[in-house]
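Q: Just need the structure, nothing else, for what follows:
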Amino acid sequence: MTKHLTMHGNSAALVIDKPIMNLLRIDMKTPLEITTDGANLIISPIRSASREKKFRKVLHQVNVDHKRTLSKLA
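A: Just a heads-up that it's a prediction; the model follows:
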């Protein structure tokens, strides 16, 4: 998908389409973190610490349960 910046007062704005917002489960009130790796702009929703902790726990369990399969895929 190609996007162009839009003027918003004296600033530039990037319009995020509704399907992308739905996919990321964000809305107009979701805080977003904007970072860069020097070549790319990275926009990420800021999730609560408890949600991040739950995610890391589940991710660890998946890695433990499927270690052999994941090793073969690597």
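
Q: Can you give me the buried ones in the longest helix belonging to the chain?
A: As assigned by DSSP state H, the longest helix anywhere in the chain is helix 49-65. Buried residues in helix 49-65, counted by 16 or more other C-beta atoms under 10 Å: none are found. Placement of C-beta: from N, CA and C, glycine included.

Q: which secondary element of the protein has the worst mean pLDDT?
A: helix 49-65 (a mean of 88; mean pLDDT, DSSP states H and E).

Q: Give me the distance from that one to the chain's centre.
A: 16 Å (C-alpha atoms, centre = their mean, to the nearest Å).

Q: which residues are contacting that helix?
A: Arg47, Leu70 (C-beta atoms under 8 Å, 6 or more residues apart in numbering).

Q: Tell me how many other residues surround Ala74.
A: 5 (other C-beta atoms under 10 Å).

Q: Any idea how many residues pack against His8?
A: 10.

Q: Quickly list what it is bridged to.
A: Ser11 (DSSP bridges).

Q: If I look at it, what pLDDT would I see?
A: What the model reports as pLDDT for His8 is 95.
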